[in-house]
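*Asks:* After the sequence you'll find the predicted model.
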Amino acid sequence: MGLPLMINNDDNNNNKVELSRVAVSDTHGEDSPYFAGWKAYDENPYDESHNPSGVIQMGLAENQVSFDLLESYLEKKNPEGSLWESKGSRGFRENALFQDYHGLKNFRQAMASFMEKIRGGKARFDPDRIVLTAGATAANELLTFILANPNDALLVPTPYYPGFDRDLRWRTGVRIVPIHCDSSNHFQITPEALEAAYKTARDANIRVRGVLITNPSNPLGATVQKKVLEDLLDFCVRKNIHLVSDEIYSGSVFHASEFTSVAEIVENIDDVSVKERVHIVYSLSKDLGLPGFRVGTIYSYNDNVVRTARRMSSFTLVSSQTQHMLASMLSDEEFTEKYIRINRERLRRRYETIVEGLKKEGIECLKGNAGLFCWMNLGFLLNTNMKEGELELWDVILKELKLNISPGSSCHCSEFGWFRVCFANMGEKTLKIALKRIHEFMDRRRKVLNC
Amino acid sequence: MKQLSTKVTSNGHGQDSSYLLGWEEYEKNPYDEIKNPNGMIQMGLAENQLCFDLIESWLAKNPDAASLKRNGQSIFKELALFQDYHGMPEFKKAMAEFMEEIRGNRVTFNPKKIVLAAGSTSANETLMFCLAEPGDAFLLPTPYYPGFDRDLKWRTGAEIVPIHCSSSNGFQITESALQQAYQQAHKLGLKVKGVLVTNPSNPLGTALTRRELNLLVDFITSKNIHLISDEIYSGTMFGFEQFISVMDVLKDKKLENTDVTKRVHVVYSLSKDLGLPGFRVGAIYSNDDMIVSAATKMSSFGLVSSQTQYLLSALLSDKKFTSQYLEENQKRLKSRQKRLVSGLESAGITCLRSNAGLFCWVDMRHLLDTNTFEAELDLWKKIVYNVKLNISPGSSCHCTEPGWFRVCFANMSEDTLDLALKRLKTFVESTDCGRMISRSSHERLKSLRKKTVSNWVFRVSWSDRVPDER
């Protein structure tokens, strides 16, 4: 795990100039089932009227439940069209020329204010510590370039977002060493697991540079408990390493009180040597459902990291057109308050719909409280308690039920039979149809078992 | 003590170069016609501000494009969700056709071979990641854009080995300079993976001649290496000559379906031709499927905002607009360049004869105390701090001869340009050289004109060797 695979491309072609190892490696991870299911969906996508028996996409963590709120806000603000009218005739050209890697000041302020709102004011964000990047994908890679050298490692708790294999490792040459978590304690990170991961790295002579967590977790759909965060920070201080907290789902926690950001923990710490190792990643792709606009950010308590990240962001700036459009919306306190509240509520209801629907079929999920997906346990359906068994079941679900869900093995889960199932990237009707297909499948199975 | 990576502690970001220090001085005291008429005039920024009115009037006539609507219907959701790293098909088609139009429709670009990136900064770096290992080298003709030191080397670990060009032949690339650079790389123990050129050149403001392009294609063929042609200024060509792209040369040499073509990659962007650097639109064009595939996946780290792709696909699909824009852009750039050149001439300063770009490559060697880079820096400081003009010293572009400066002309109003020229003239007249001019102005100007003519004559004589150049 964590070692990039390479394809040797110079066997037969002594005359052919080589591409780089990075170009030919498969560390981009696109050959995993996580992506294979997408292909099946692309070839036969479900459509209520045109293709009712097509594949329902449940492998895409998108938030489509709250677009109406965004659309109506933007309509109200710019009913006539041109987004630069409010700034007068110079608005367009000023915006088109703006490529300062500091980012538009009012946009940074808006992001800081939005992040504070999400945390109910329990932490403050200084706009000057916000570095903008084209999405959290870029933010995570950028931070990795800054915090680690090639062949160093980041410790990441399993199961984790499959994209990390590419984002943290591919071009950076950095490794991931897993912190193994399991269902015995709801997949929470334990001090023992942390020490074990650290030791694994050290035994292999690999230098550990930091721990990277996602809070709330993808794929678990659950927040990290405050005590665990405190233990994590202690661990990082003791080992003198960094702590990166990817909080891109923070606005998707169903009950605000259940989320503790690492920012809250740091808020009450004066010791700079502790604060300076903490970095937060955020994005508008999940909470606001705007992955196409490419808005990500790094927030760091370390001046050196902020300065360097800002310079590096030249490779991945946010379109000034997009910054301009979203700045006033995100600083509109009345709007953001309403949006966050309603978004949380709608996601909670979706979650309850799917979890209850699954429960009726005897299928349990991890108790979740956040995110756009649930972590479903189908261990009892496996023919063999191995990766092959899980992939076999995944294939059946894809081919027979025409549901694309994500197998836990693609998230490096150490237990087999877990699946991530997204519920926010479709209408309610579609979700009910997916549950119906699961019901019919389980029904058929029950009948077979009873024979 | 916890540490950060070597990328943090190295100077690979390039921010300590004088190129950027001048910018900092400008930030402290920027010129404003009304509020700060004695402030610093920014002439170090290669921006194209001459044709915004054309885009603004198009926007006024086509409000849907910027308001996330299609035929009056909101497509907000569709755009908000679109994050496919293959890019918007309509946008790539529009980009391909725009690139073809700039090249007089003599060559075709297949939209499927276009990879979008967040600006050419991102495109160039991505190509490096695909083509070079840490420690591999790319050969670049000097002088070159200072940003390349960061874009090509910082995170990739690749190296740049210069191809030395000199004023003796108008800074053109020669066979011997190429060979020398290649050998130098070997001496340094570096494996050469390719050559990267900017065509038209930054900072020279000149398009590569057909002779140079043929030379480059022959060179990469014989060495079995790559050629990256950064053509981000291709739409700013205003000279009598047509812009010749490396793609033209491949076609004319009938190399279209060969291995060589697979090793030629073009970089483009809308930051210079359209003056939209804030929108972060860059592109890689490659005939090598593996490169297209790898670069496409890498573009995840720098996708173009879907909102911006949508706006620009509408803009660039309007052929009436694009042809009018390209023509008008050329006209205005040409007239601006003329204004700068004649203003400099009246101050006794000549430039390399240019036919493209947003800047001139200005010869101030005669204003140096000594023929050294220290003297160049001294002169630069005087111009920045006393004359209050931010221009870019040739040393920051790795020029091998002291005394050359890049001066931008398209990022300000005509009045501001005139004021800048007036200040410069005053400065020159007040120095020793200036006194020389006033004493024997006629003689000096005559000899300067001769110099200008011989540069011009020289370039014409090079191009005359290849009868079909025009």
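*Replies:* Arrived safely, thanks for sending.

*Asks:* CA only for contacts and neighbour counts going forward, please
*Replies:* OK.

*Asks:* which stretches of the stretch 201-350 of chain A form strands?
*Replies:* A:208-214, A:242-246, A:278-283, A:296-300 (DSSP state E, counting those that start in this stretch).

*Asks:* Residues of the stretch 151-300 of chain B that sit close to chain A?
*Replies:* Residues of the stretch 151-300 of chain B found near chain A (C-alpha under 8 Å from any C-alpha of the partner chain) are B:155, B:193, B:224-225, B:275-280, B:290-291, B:294-295, B:297, B:300.

*Asks:* cutoff 7 Å now
*Replies:* B:224-225, B:275-280, B:294 (C-alpha under 7 Å from any C-alpha of the partner chain).

*Asks:* Which pair of those spans the longest distance?
*Replies:* Longest distance between any two of these is 37.0 Å, between B:N224 and B:G278; criterion C-alpha to C-alpha.

*Asks:* and the two? which has more neighbours close in?
*Replies:* B:G278 (27 against 19; other C-alpha atoms under 10 Å in any protein chain shown).

*Asks:* Secondary structure element holding the residue of the stretch 351-470 of chain B found nearest chain A?
*Replies:* Using C-alpha to the nearest C-alpha, the single residue of the stretch 351-470 of chain B nearest to chain A is B:N411, 10.0 Å away. Using DSSP states H and E, B:N411 sits in no helix or strand.

*Asks:* dump the residue contacts of it.
*Replies:* Contacts for B:N411 (C-alpha atoms under 7 Å, 6 or more residues apart in numbering or on different chains) come out as B:45-49.

*Asks:* Could you report the separation of it from A:I340?
*Replies:* Applying C-alpha to C-alpha, to the nearest Å, the value for B:N411 to A:I340 is 42 Å.

*Asks:* check the contacts of B:N411 against chain A, which are close?
*Replies:* Of the contacts of B:N411, not one also sits near chain A (C-alpha under 7 Å from any C-alpha).

*Asks:* and the residues you listed, which of them are in helices?
*Replies:* Cross-referencing those against helices under DSSP state H gives no overlap.

*Asks:* and the residues you listed as TSV, adding distance to A:D152?
*Replies:* Shown next, in TSV, are those (distance: C-alpha to C-alpha, whole Å):
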residue	distance to A:D152
B:L45	39
B:A46	39
B:E47	40
B:N48	43
B:Q49	45
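
*Asks:* Sort those by pLDDT and name the bottom one.
*Replies:* Here the lowest pLDDT out of these sits on B:L45, with 92.

*Asks:* now the residues of the stretch 151-300 of chain B next to chain A: which count as buried?
*Replies:* B:224-225, B:275-280, B:294 (16 or more other C-alpha atoms under 10 Å in any protein chain shown).

*Asks:* can you map out the helices along the stretch 301-450 of chain A?
*Replies:* A:303-312, A:320-331, A:333-360, A:387-399, A:428-450 (DSSP state H, counting those that start in this stretch).

*Asks:* nearest to chain B, of those?
*Replies:* So among the helices of the stretch 301-450 of chain A, helix A:320-331 is nearest, using C-alpha to the nearest C-alpha, at 5.1 Å.

*Asks:* shaky segments in the chain?
*Replies:* All of this refers to chain A. Applying pLDDT under 70 to chain A flags residues A:1-17, A:29, A:31-34, A:78-83, A:85-90, A:451.

*Asks:* hmm, I had chain B in mind actually
*Replies:* Using pLDDT under 70, chain B drops low at B:1-2, B:11-12, B:14-20, B:432-470.

*Asks:* One more pass at 90, please.
*Replies:* B:1-25, B:67, B:239-241, B:430-470 (pLDDT under 90).

*Asks:* care to break it down by domain?
*Replies:* B:6-52+B:330-428, B:64-322 (the TED database).

*Asks:* where does chain A come near chain B, residue by residue?
*Replies:* Contact residues (C-alpha under 7 Å from any C-alpha) of chain A with chain B: A:17, A:19-20, A:22-23, A:67, A:71, A:81-83, A:93, A:95-99, A:134, A:137-138, A:145-149, A:240-241, A:290-294, A:308, A:311, A:315-317, A:319-321.

*Asks:* Which ones among those lie within helices?
*Replies:* Checked against DSSP H, the residues of chain A next to chain B include these in helices: A:22-23, A:67, A:71, A:93, A:95-97, A:137-138, A:145-147, A:308, A:311, A:320-321.

*Asks:* Selecting buried members of these in ChimeraX, what would you type?
*Replies:* Typed into ChimeraX, the line below selects the buried ones among those, using 16+ other C-alpha under 10 Å:
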select /A:22,23,67,93,95,96,97,137,138,145,146,147,308,311,320,321
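
*Asks:* Give the burial count for the closest residue in space to A:T223 that isn't next to it in sequence, as a bare number.
*Replies:* Nearest residue to A:T223, sequence neighbours excluded (C-alpha to C-alpha, 6 or more residues apart in numbering or on different chains): A:P216, at 4.1 Å. Neighbour count for A:P216, taken as other C-alpha under 10 Å: 28.

*Asks:* Tell me who's in contact with A:P216.
*Replies:* A:222-224, A:247, A:249-250, A:370-371.

*Asks:* Who wins on neighbours among those residues?
*Replies:* Highest neighbour count within the contacts of A:P216: A:G371, with 34 neighbours (other C-alpha under 10 Å).

*Asks:* State the distance from A:N404 to B:C408.
*Replies:* For A:N404 relative to B:C408 (C-alpha to C-alpha), the value is 55 Å.

*Asks:* follow-up on the earlier one: could I get the residues of the stretch 151-300 of chain B next to chain A as a markdown table with secondary structure?
*Replies:* What follows is those, written out as a markdown table (DSSP: H, G, I helix; E, B strand; the rest coil):
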| residue | secondary structure |
| --- | --- |
| B:N224 | coil |
| B:I225 | coil |
| B:G275 | coil |
| B:L276 | coil |
| B:P277 | helix |
| B:G278 | helix |
| B:F279 | helix |
| B:R280 | coil |
| B:A294 | helix |
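
*Asks:* so what's A:I280 up against?
*Replies:* For A:I280, counting by C-alpha under 7 Å, 6+ apart, the contacting residues are A:244-247, A:298-300.

*Asks:* mind redoing it with 8 Å?
*Replies:* A:244-247, A:262-263, A:298-300 (C-alpha atoms under 8 Å, 6 or more residues apart in numbering or on different chains).
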